[in-house]
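Novice: dropping the sequence and predicted coords here.
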Amino acid sequence: MERCGWAGPEPIYVTYHDTEWGVPEYDSRALWEKLILDGFQAGLSWITILKKRENFRAAFEGFDPHVVAGWGEAEVSRLLQDEGIIRHRGKIDATITNARAWIDVEERGGFDQFMWRYVDGVPLQNSFETQADVPPKTVLSEQVSKDLKKAGFKFCGPTIVYAWMEACGLVNDHIVTCHRHAFCAGMGRGGKE
C-alpha cells in the first residue's frame, strides 16, 4: 500500500496519515486546535507534535478556547514548566491570543465558516505526483494567513496555514499514488461526510 513519503515509518505517523490527515474537518473547535498545533510545530517536525498531542490537550484543557482565552501569567508560567509540551513562550502566548481571536470570529458567524469560505466549502483537489511537487505555501495560504492576522491570530504564517489546510482537508495534497488520495477526494465532492 503506497502512502505519502512523509508518513512513517512510526506507527503513530502512519495512523495519523491513514485516518486523519486530509480528511475534511468542519468542527470549529477542532479546526482551532489543529491550527494551534501547527503553530507549535513551526521549526520542528510534525512527529514531535503528534507524539505530544495528548499532553497538549491536557495542558490546554482540551483546547477549549473559552477556558484558554481567560488565561494569564500564572497559566503561562505553568505551561513553561510542562515538559510534556513545547515550552516556547511566544507560542504559548499566541495560543491565548488565538483563543480570544477564535471566540471573536466564532461569534461573528463561526470559525468553520470563516475558514471554509476560502474554498467555497469544498476541498481543493490537487494531483501531485511526488512529495517534491507539493508546495510549502500557496497564494491562497498567503491570503488566509493575512486574514487570520487581521482577525488577531498569531503564529499563522503562510507555511503554517498551508500545512493546516492540508491537515484539515481544505486541500487534498495526498500524492496521486497514495491510497488516501482518492478516498479524500471522494469526501470532498459532497461536502460534509
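Specialist: Cool, the structure landed. If you're wondering where the values come from, they're calculated on a predicted model, not measured in any experiment. Numbering: from 1, shown residues only.

Novice: residues in contact with residue 84?
Specialist: By C-beta atoms under 8 Å, 6 or more residues apart in numbering, the contact set of residue 84 is 52, 55, 56, 58, 59. To be clear about C-beta, it is placed using only N, CA and C from the backbone, and glycine gets the same treatment.

Novice: state the mean pLDDT of the helix or strand where the third one lies.
Specialist: The one in question is residue 56. Under the criterion of DSSP states H and E, residue 56 resides in helix 46-59. Helix 46-59 comes out with an average pLDDT of 97.

Novice: buried residues in it, which are they?
Specialist: 46, 49, 50, 52, 53, 56, 59 (16 or more other C-beta atoms under 10 Å).

Novice: can you check stretch 31-47 too?
Specialist: 31-42, 46.

Novice: re the thing from before, turn the buried residues of helix 46-59 into JSON lines, columns for distance to residue 134.
Specialist: As requested, these are exported to JSON lines (distance: C-beta to C-beta, whole Å):
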{"residue": "46", "distance to residue 134": "14"}
{"residue": "49", "distance to residue 134": "19"}
{"residue": "50", "distance to residue 134": "19"}
{"residue": "52", "distance to residue 134": "24"}
{"residue": "53", "distance to residue 134": "23"}
{"residue": "56", "distance to residue 134": "25"}
{"residue": "59", "distance to residue 134": "31"}
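
Novice: mind listing the helices for this structure?
Specialist: 11-19, 28-41, 46-59, 65-68, 73-80, 89-107, 111-116, 139-150, 158-167, 179-189 (DSSP state H).

Novice: just give me the neighbour total for residue 92.
Specialist: 24 (other C-beta atoms under 10 Å).

Novice: which residue of this protein lies farthest from its centroid?
Specialist: Distance from the C-alpha centroid of the chain, by C-alpha atoms, centre = their mean, peaks at residue 74 (26.5 Å).

Novice: from residue 91, how far off is that residue?
Specialist: If you measure residue 74 against residue 91 using C-beta to C-beta, to the nearest Å, the figure is 18 Å.

Novice: and what of residue 3?
Specialist: As judged by C-beta to C-beta, residue 3 and residue 91 stand 29 Å apart.

Novice: and what of residue 41?
Specialist: 9 Å.

Novice: ditto for residue 59
Specialist: 12 Å.

Novice: next: residue 31.
Specialist: 18 Å.

Novice: what sits up against the helix or strand of the chain with the lowest mean pLDDT?
Specialist: Confidence across the helices and strands of the chain bottoms out at helix 179-189, with a mean of 87, counting by mean pLDDT, DSSP states H and E. Contacts to helix 179-189, defined as C-beta under 8 Å, 6+ apart, come from residues 1-4, 17-18, 21-24, 122-123, 125, 169, 172, 174-175, 193.

Novice: can you select the buried ones among those for me in PyMOL?
Specialist: In PyMOL, a selection of the buried entries from the contacts of helix 179-189 looks like this (16+ other C-beta under 10 Å):
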select buried, resi 3+4+17+18+21+22+23+24+123+169+172+174+175
